[in-house]
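Engineer: structure for this input, please:
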Amino acid sequence: MSGSLYICYFGLREPLVQTQVLPYLREILKGGHSVTIFTFEPDFRKKWAVQQIENERTKLASEGITWKCFPYHKWPSIPATLFDIFVGSFHVWREIARSKPDILHGRVHLPTLMGALARKFSKHKPELLFDIRGFFPEEYTDAGIWPQDGLVFRSVKRLERWLMKESDGFVVLTENARKILFPESRGSGFDCKGRPVEVIPCCVDFNRRFSEDGEMLRNETRRDLGVSDRYVVAHVGALTGLYLDEEIANFLGVAKASNPKTFALLLTQTDPKRIRALLESQGYTDKDMFIAKVHPADVQKYLEASDVALSFVKAGYATASRSPTKIPEYLACGLPIIANPGVGDVDEVIEANRVGAVTKDLSAASFLDALREVGKLDNLDERCRETAKREFDLETVGGVRYRRLYDRLISRHSNKGMSREGKG
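Structural biologist: This is a model prediction of the structure:
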């Protein structure tokens, strides 16, 4: 049995790990690969008691996943991150010596860096899988966190180039990202150096999520929210940085002017004060909106209660690599999508499958056109759900592609071993 070490710079309880990371690891297990996951836990001492850690380890072990966790350090930002990289690299090095995994699987840049550094000082040399996910340095500059010509950005780009050279295989989220980074891989699945490349979008586990009776949930939730006769517009996810909160509010203002019965439903972990104020400036009152942070298990009922969903993200080089998790979640609940252009493969998914509308720009006129376009589409519920299953199903899309990538990396690893034996 081959083994992998999955390195993740998030905490186990974070929604992204629960809805994306762990479901993918369960799929990887189906290929006969053993899996160990490293996580970095925020507020480790406050949020994790010894017994809680043991309970989670036991639970994951019953599924075949070995879990090891370390504290995440936040402040001061750069020294704390450097310290975590050092600690993580040391523990990866120890794990390589102990279990001799065939694959080091880094989820984005920092975990991949930990794997690359640890491998440099190890006798055993696992294959290094760079699960790129997004254009991390550019995302930080687009969000206004790092100056584009600043020292931090340039240093990270230098590290990124090194990781691209060191890695033995790659995952990107979108075809647009593949075209930018590995144009030669389309069709063959390998880059110019013979390293495997897979496009794996954010997928949905239909066996564990979005499997309840949609019509029943819709009726119950609309009744509970008091919106049985309202036109409900949903947004799921963050509302800062790359996520265009002002444009979302402006869209909702246009929707309300067009249809006074419009109701805004926003599921977000972002502090709601700013978006609430923006909506109030558009004429919304408490009776016209629901803004809350909800458990991932409750997302379906709110989306089923909605009529259309939004995805407005700052478009640019960084977001060409994005596969917003909300897109398959919307579609899984039969929701048409209104999105701005230029983000990942979202335009192609919406237009090719006729499951919503892509705005020409972020103007009020374009917003109104998009609403009208969605209103003209027929058989939306069925087509949205079918698109979700075809394009974003964890089992038939994400799982198949990850296992194929692992098999190719294992084959490379075996060939390297035989090559070394031949030289000996």
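
Engineer: ends of stretch 168-179, what's the gap?
Structural biologist: End-to-end distance for stretch 168-179, by C-alpha to C-alpha, to the nearest Å: 19 Å.

Engineer: that should have said stretch 64-84, apologies.
Structural biologist: 26 Å.

Engineer: would you map the helices across the stretch 51-200 of the chain?
Structural biologist: 77-99, 109-120, 136-142, 151-166, 175-181 (DSSP state H, counting those that start in this stretch).

Engineer: out of the ones you listed, which gets nearest to Lys301?
Structural biologist: Of all the helices of the stretch 51-200 of the chain, helix 136-142 sits nearest to Lys301, with 30.9 Å by C-beta to C-beta. All C-beta atoms are positioned from the backbone trio N, CA, C, and that covers glycine.

Engineer: run the chain-centre distance for the longest strand seen in the chain.
Structural biologist: If you go by DSSP state E, the chain has its longest strand at strand 33-41. How far strand 33-41 lies from its chain's middle: 17 Å, per C-alpha atoms, centre = their mean, to the nearest Å.

Engineer: one more: stretch 73-90?
Structural biologist: 23 Å.

Engineer: export stretch 338-354 as PDB, just CAs?
Structural biologist: Extracted in PDB, the C-alpha atoms of stretch 338-354 (Å, rounded to 0.1, in the frame of the first residue of the first chain):
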ATOM      1  CA  ILE A 338     -25.500  35.600 -11.500                       C
ATOM      2  CA  ALA A 339     -21.800  36.300 -11.600                       C
ATOM      3  CA  ASN A 340     -19.400  38.900 -12.900                       C
ATOM      4  CA  PRO A 341     -17.000  37.800 -15.700                       C
ATOM      5  CA  GLY A 342     -13.400  36.800 -15.600                       C
ATOM      6  CA  VAL A 343     -13.300  34.500 -12.500                       C
ATOM      7  CA  GLY A 344     -11.900  31.000 -13.100                       C
ATOM      8  CA  ASP A 345     -14.100  28.800 -15.300                       C
ATOM      9  CA  VAL A 346     -17.300  30.300 -13.900                       C
ATOM     10  CA  ASP A 347     -18.300  32.100 -17.100                       C
ATOM     11  CA  GLU A 348     -18.000  28.900 -19.100                       C
ATOM     12  CA  VAL A 349     -19.900  26.800 -16.600                       C
ATOM     13  CA  ILE A 350     -22.800  29.300 -16.500                       C
ATOM     14  CA  GLU A 351     -23.000  30.000 -20.200                       C
ATOM     15  CA  ALA A 352     -22.400  26.500 -21.600                       C
ATOM     16  CA  ASN A 353     -25.000  24.900 -19.300                       C
ATOM     17  CA  ARG A 354     -27.500  27.800 -19.300                       C
END
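
Engineer: now the helices for the stretch 301-424 of the chain?
Structural biologist: 326-332, 346-353, 364-376, 380-392, 400-423.

Engineer: so which of these is the most packed in?
Structural biologist: Highest mean neighbour count of the helices of the stretch 301-424 of the chain: helix 326-332, a mean of 27 (counted as mean count of other C-beta atoms under 10 Å).

Engineer: how about Gln20, secondary structure?
Structural biologist: helix (DSSP: H, G, I helix; E, B strand; the rest coil).

Engineer: give me the phi and psi for the nearest residue to it once chain neighbours are set aside.
Structural biologist: Leaving out its chain neighbours, the residue that sits closest to Gln20 by C-beta to C-beta, 6 or more residues apart in numbering is Cys202, at 6.2 Å. Phi and psi for Cys202, reported as degrees, to the nearest 10, are phi -60, psi 120.
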